[in-house]
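J.: please find the sequence and the predicted model below.
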Amino acid sequence: MALKLASTTQSFREDFTYRNSPDAIARFPFPFPEDKYMYSVNIEPAVSRDPGSIFEHQFDIDEHYRSEMAERAMVLEKDPRRSIVMPHMQIAAWDALELYMEHMSQDYPEWFTLERQGDKWHWTNQALGLAQSFVFGQADTLPYEPLEYIMRQAQGDVALLDQRDGDLFMDAGVVTAPADWSLAFDAGMSFKQWHSPVPLAHQLGVFDRALRFLLNIQVGHPVRRLNWTLTINPRMDTSSETYHEWGADRGTVTAQNAGCKVHLRVEMQLMARLPRSHALLFGIRTYLASLDEIVTQPGWGQRLYRVMRDLPAPIADYKGISRYRPQLLEWLRRFDPEAP
């Protein structure tokens, strides 16, 4: 099935014109397989399955491509610190560029083309009207450093994790749509350090098991998992740096407007070993859908109500839900016929 891109650019800020088509809602990665939520590693091999779904290709591109690329360019112009590559991560950056270009050109040939003659490469992005000849490994032949260059053309954020001393360190990345965290703050931190704010999971040993697993990922055997939170308004950039712009939005939710204000935010997280550098690529592909859109799918409204109703308080606090959970539950209750 050919990829269809929206011809108009939607906004993730100010007037919030972002919307999902019925097709986009149908392929939205609803993250709850049960009526309750519990911490789990929930990792699976990142193999192609379910044609037309977000699981078909390693790097999913959808109708919002041009809108998200416009948003990324806007954020990077305002805050260049959203792109960080430490000196020892230069090879990993080229590794990542190659991985993205290979998959995007193979999976979406109608939009992307990669031609290679030795280290002389030519990249064409018809979706954004770009064409670039460059020498692989020579950063001065690109308009941006290699990681930023390709991430200005790929949906989702990315962090490159250096593996050393039995741990993973966030030493590079392009992150313009984080869920309440900061690349500039986390840069250089170890795996457990940047996960330290997460409640309960440490006591359950989730991160110990996850780290052991990630350290053993091999080239050619990527894995993926889903993560979720809630966001008020369809705002991609909910970084720590911009909290002053969006934090107060949580106080605007009512039982009447929750359907249009509250958005389920799901991350498809990809972990892939890079061949030259041996770094681990950590991709974070974010999907947003309003509750009004979510409840158009059979059973999703009822399940979301039950998950939100029974969510442990520490997790609700960590995800920023506690302030408006009563209003959220009041709005969702109608979708559960067994609710009092």
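T.: Everything's here; your move.
J.: helices of the stretch 201-340 of the chain, residue ranges please.
T.: Secondary structure of the stretch 201-340 of the chain, counting by DSSP state H, counting those that start in this stretch: helices at 201-204, 206-215, 243-246, 258-261, 291-294, 300-310, 313-318, 325-332.
J.: deepest-packed of those helices, please.
T.: helix 291-294 (a mean of 20; mean count of other Cβ atoms under 10 Å). All C-beta atoms are positioned from the backbone trio N, CA, C, and that covers glycine.
J.: and it, what does it pack onto?
T.: Counting contacts by 3 or more Cβ pairs under 8 Å, 6 or more residues apart in numbering; DSSP states H and E, helix 291-294 packs against helix 258-261, strand 262-273, helix 300-310.
J.: just the strands in this structure please.
T.: 44-45, 83-85, 112-117, 120-125, 130-135, 157-164, 167-174, 223-232, 262-273, 280-290 (DSSP state E).
J.: direction included, what does the last one pair up with?
T.: Next to strand 280-290 in the sheet, as set by DSSP bridges, lie strand 157-164 (antiparallel), strand 262-273 (antiparallel).
J.: make CSV out of the ones you listed and add mean pLDDT and mean neighbour count.
T.: Formatted as CSV, those follow (pLDDT from 0 to 100; neighbours: other Cβ atoms under 10 Å):
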stretch, mean pLDDT, mean neighbour count
strand 157-164, 98, 21
strand 262-273, 98, 22
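J.: dump these to JSON lines, plus distance to His195.
T.: What follows is the strands paired with strand 280-290, written out as JSON lines (distance: least, Cβ to Cβ, whole Å):
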{"stretch": "strand 157-164", "distance to His195": "12"}
{"stretch": "strand 262-273", "distance to His195": "13"}
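J.: what about those, which gets the closest to Phe16?
T.: Comparison of the strands paired with strand 280-290 against Phe16 by Cβ to Cβ identifies strand 262-273 as nearest, at 9.8 Å.
J.: quick one: that closest one to chain centroid distance?
T.: 4 Å (Cα atoms, centre = their mean, to the nearest Å).
J.: and stretch 174-188, by the same measure?
T.: With Cα atoms, centre = their mean as the basis, stretch 174-188 stands 12 Å off its chain's centre.
J.: to His278, which of the helices of the stretch 201-340 of the chain lies closest?
T.: Across the helices of the stretch 201-340 of the chain, closest to His278 is helix 206-215 (Cβ to Cβ), at 10.9 Å.
J.: just checking, what packs against the closest one?
T.: Secondary-structure packing of helix 206-215 (3+ Cβ pairs under 8 Å, 6+ apart): strand 167-174, helix 191-194.
J.: just the mean pLDDT for it, thanks.
T.: Averaged across helix 206-215, the pLDDT comes to 87.
J.: quick one: it to strand 167-174, angle?
T.: When axes from the mean of the first three to the mean of the last three Cα atoms, to 10 degrees is applied, the directions of helix 206-215 and strand 167-174 differ by 80 degrees.
J.: show me what contacts Phe28?
T.: Counting by Cβ atoms under 8 Å, 6 or more residues apart in numbering, Phe28 touches 20, 264, 266, 287, 289, 293-294, 297.
J.: Asp35 versus that one, what's the distance?
T.: Look at Phe28 and Asp35: by Cβ to Cβ, to the nearest Å, they are 19 Å apart.
J.: same thing with Pro22?
T.: Between Pro22 and Asp35 the distance is 25 Å, computed by Cβ to Cβ.
J.: then His278?
T.: His278 is 41 Å from Asp35, by Cβ to Cβ.
J.: picking that back up, what's the closest of the strands paired with strand 280-290 to Asp60?
T.: Asp60 lies closest to strand 262-273 among the strands paired with strand 280-290, at 6.9 Å (Cβ to Cβ).
J.: quick one on the thing from earlier: Glu148 is nearest to which of the helices of the stretch 201-340 of the chain?
T.: helix 243-246 (23.0 Å).
J.: so what's the gap between that closest one and the chain middle?
T.: Relative to the mean C-alpha coordinate of its chain, helix 243-246 is positioned 20 Å out (Cα atoms, centre = their mean).
J.: go on, stretch 59-69?
T.: Averaging C-alpha positions (Cα atoms, centre = their mean) puts stretch 59-69 12 Å from its chain's average.
J.: which residues are contacting that stretch?
T.: Residues outside stretch 59-69 that contact it (Cβ under 8 Å, 6+ apart) are 3-6, 9-12, 18, 21, 23-24, 27, 54, 100, 103-104, 107-108, 111, 127-128, 152-156, 177, 236, 268, 270, 283, 285.
J.: just the buried residues of these.
T.: Among those, those buried by neighbour count (16 or more other Cβ atoms under 10 Å) are 3, 5, 10-12, 18, 24, 27, 54, 100, 103-104, 107-108, 111, 127-128, 152-156, 177, 236, 268, 270, 283, 285.
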